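Chemist: how would this look folded up:
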Amino acid sequence: MDNSSFIYHNLCGDGSLMVIIPHEDDEINLAGALIYGARQEGIPVKCVFLTNGDAEYPAFIRIHEAVKALKILGVKEEDIIFLGYPDGGRHGERSPFLHRPEEIKKAGGHPVTYGSRNHPDFASSKYGKPHDCSWENLLSDLEAVILEYKPSLIAATDFDYHPDHRMCCLAFMEAMNRILHKDHRYRPKVLMGYCYTTGFDSVDDFYGPHLLSTVVNRQTLRNKKYETENPVYPWKNRLRLPVPAACRTWLKDNILFHALCAHLSQKASRRAVQLVNGDEVFWERRTDNLLYEGEVTVSSGNPKYLHDFHMIDTKDILSDEPEMMDYLWTPNGDDKSPWCQCDFRKPQHVESMALYGNIEEESRIEKGRISFSNGFALDIGPLSLHGQPAVVSFPPQEEVQWVRLEIIKSIGEAAGLSEWEIFRNETKSYRFLQITMDDQFAYDWTIYPGEKPKIGVYSPDTGISTRWSVNGQPVSEEELNKKLQHLQKKAVIRVEDSENPSSWCEVTVRPAGLLDSIDHRLTVMQDRFSIWWEKQSEKRPHHRLRKMKKEEDYRV
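Modeler: Have a look, this model is predicted:
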């Protein structure tokens, strides 16, 4: 990164990145800057598309556009994988999650997986023949592709409102459930994010005086009582990643805009004003849960829900407010002393856990007691609302052979746990700094007349200690904010991790006058004109694409 010590190798280690998305163009919606930044550092990137995006346009068009867009982001053609399942459509009429292959065929979809001439579907490449478009085959293919490449970092689509996005989320969680129980040595880092909520449907705020960070457009949320489409994710818990310089310039020079232009059939470039932001947002799903390395027993109910990687689950991917089902461990109604326990295969060091409870507000665990084999115990509760994590930290415990959770008090008829996570450590996987202005990620920042910004710092590690300097001179954060209120000339502001000075961020801040405001407006006009011209140049080729929609036997 040009203004900080942040590097994508800290996310991926010595391994690779895999991006799992439902449709061709969602790779940019979900992780365009992450893909580009990783490739700039030489990190191998695999992009896995679950469907061919063929609801309106034939697969060969969507596949060709994805290859072209990813080439712009630096991804090699041979690293793009198409599982080849049908686009389910806006109403799920061809979704393999909802329908059998013969029903998909009646709805106008392909009953077996397929690709294009130069890009066959995954099953045909691996097994020599396509798979029937069934839910179980989709799960099998997704599991197989993850295990074949074993990426160190996976970025996957979460529970957006489109049925295919929800299917992708549920498929990925189930594939990871199978993998984590099957292979105890493979523990990738997992980032879950949205293609729509924080991208395609976010706020049109690109042409303001500052490049702002990602926000959720509340007007586009289907279920407005939650902060995002997945109720389990608190907005404050999001992981915010810095964005490479090429992904935050004016659009005429912006790498993300040009990649979006490649998706001509979707007119994706028109969403650049929503997609281009000062940060990229994900939620981390840890895979180092010790329950995968032990035997889980319960007083009653089904223990599999405690460690199946599903914080949510549903059979309904069509409703604006889908009912969650089959996602909770709930003790039987006549169980007077409910408990769950994990016996480890070998003694463990344990120092934190997370408990995910009911999404529904009518039922909830109000109080519980956690006991350890070494005699240590503590009380917990109440669990968080909407199934959000209740994080429990405690003094490190050594040589722990088992952990037990007893439910002491609950409300409602179905109080339970959707996931029980026990960890060897509570350390965040990612440690970096990014300077903020009014909580917006700052790179170079211009203070316009009348603005009184407040400087701060973002780090995934909330317990980090920092030290500041201005033009090389030490200063406290409080003093720095006072200086910013009356800034007269350009200043270079730097923040460092007190314990690790090699972790740093630096921003050039300068005051602006009337001429700067005029120059900004003129630049906005020029950039808008460039984008308008790009739209005009798209009209004729887009018209040709619409004619090709019926040419089903043509392949690229």
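Chemist: So which residue is smack in the middle of this protein?
Modeler: The centroid of the chain falls nearest to Gly193 when counting by C-alpha atoms, centre = their mean (1.9 Å).
Chemist: Quick check: nearest residue in space to it, chain neighbours excluded?
Modeler: Once flanking residues are discounted, Gly193 sits nearest to Phe282: 4.2 Å by C-beta to C-beta, 6 or more residues apart in numbering. Glycine gets a C-beta too; all of them are placed from N, C-alpha and C.
Chemist: Now the one you found: which helix or strand?
Modeler: strand 279-285 (DSSP states H and E).
Chemist: Pull the distance from that strand to the chain's centre.
Modeler: Distance of strand 279-285 from the chain centroid (C-alpha atoms, centre = their mean, to the nearest Å) equals 5 Å.
Chemist: do stretch 380-387 as well
Modeler: On C-alpha atoms, centre = their mean, the centre of stretch 380-387 falls 23 Å from the chain's centre.
Chemist: quick one on the thing from earlier: and the residue nearest to Gly193, how far from Pro460?
Modeler: 10 Å (C-beta to C-beta, to the nearest Å).
Chemist: Settle it for me: which of these two has more neighbours?
Modeler: Neighbours per residue, other C-beta atoms under 10 Å: of Phe282 and Pro460, the larger number sits with Phe282, 22 against 18.
Chemist: Next one: the more buried one relative to Gln434, how far apart?
Modeler: 14 Å.
Chemist: now swap in Ala512 and tell me
Modeler: Distance from Ala512 to Gln434, by C-beta to C-beta: 22 Å.
Chemist: Could you look up the SS state of the closest residue to Gly88 other than its chain neighbours?
Modeler: Of all residues not flanking Gly88 in the chain, Ser95 sits nearest, at 3.1 Å (C-beta to C-beta, 6+ apart). At Ser95, secondary structure determined by DSSP: H, G, I helix; E, B strand; the rest coil is coil.
Chemist: separation between the residue nearest to the centre of the chain and Glu421?
Modeler: From Gly193 to Glu421 the distance is 20 Å (C-beta to C-beta).
Chemist: In terms of secondary structure, what does the one helix or strand Ile422 maps to contact?
Modeler: Assigned by DSSP H and E, Ile422 belongs to strand 419-423. The helices and strands touching strand 419-423, judged by 3 or more C-beta pairs under 8 Å, 6 or more residues apart in numbering; DSSP states H and E, are strand 339-356.
Chemist: what pairs with the strand it packs on, and is each one parallel or antiparallel?
Modeler: Applying DSSP bridges to the sheet, strand 339-356 is found paired with strand 294-298 (antiparallel), strand 389-411 (antiparallel), strand 419-423 (antiparallel).
Chemist: OK, contacts around Ser213?
Modeler: 240, 277-279, 439-441 (C-beta atoms under 8 Å, 6 or more residues apart in numbering).
Chemist: Could you report the neighbour count for Val216?
Modeler: Val216 has 21 nearby residues by other C-beta under 10 Å.
Chemist: cool, and the one 4 residues further on?
Modeler: By other C-beta under 10 Å, the residues close to Thr220 number 16.
Chemist: Kindly report the same for Tyr127.
Modeler: The burial count for Tyr127: 11, using other C-beta under 10 Å.
Chemist: got it, and Ile493?
Modeler: Neighbours of Ile493 under the rule other C-beta under 10 Å: 22.
Chemist: in the stretch 451-556 of the chain, which spans are strands?
Modeler: 455-458, 466-470, 473-475, 491-497, 504-511 (DSSP state E, counting those that start in this stretch).
Chemist: Check which helices and strands the last one is in contact with.
Modeler: Strand 504-511 sits against strand 434-437, strand 444-447, strand 491-497, with contacts defined as 3+ C-beta pairs under 8 Å, 6+ apart.
Chemist: Tell me which of those strands lies nearest to Val392.
Modeler: strand 491-497 (26.4 Å; C-beta to C-beta).
Chemist: for the closest one, which positions count as buried?
Modeler: 491, 493-497 (16 or more other C-beta atoms under 10 Å).
Chemist: List the contacts of the closest residue in space to Gln434 that isn't next to it in sequence.
Modeler: Nearest residue to Gln434, sequence neighbours excluded (C-beta to C-beta, 6+ apart): Tyr458, at 4.8 Å. Neighbour list for Tyr458: 240, 433-434, 436, 439, 441 [criterion: C-beta under 8 Å, 6+ apart].
Chemist: redo that, cut-off 10 Å
Modeler: 213, 240, 242, 279, 432-436, 439-442, 464, 505 (C-beta atoms under 10 Å, 6 or more residues apart in numbering).
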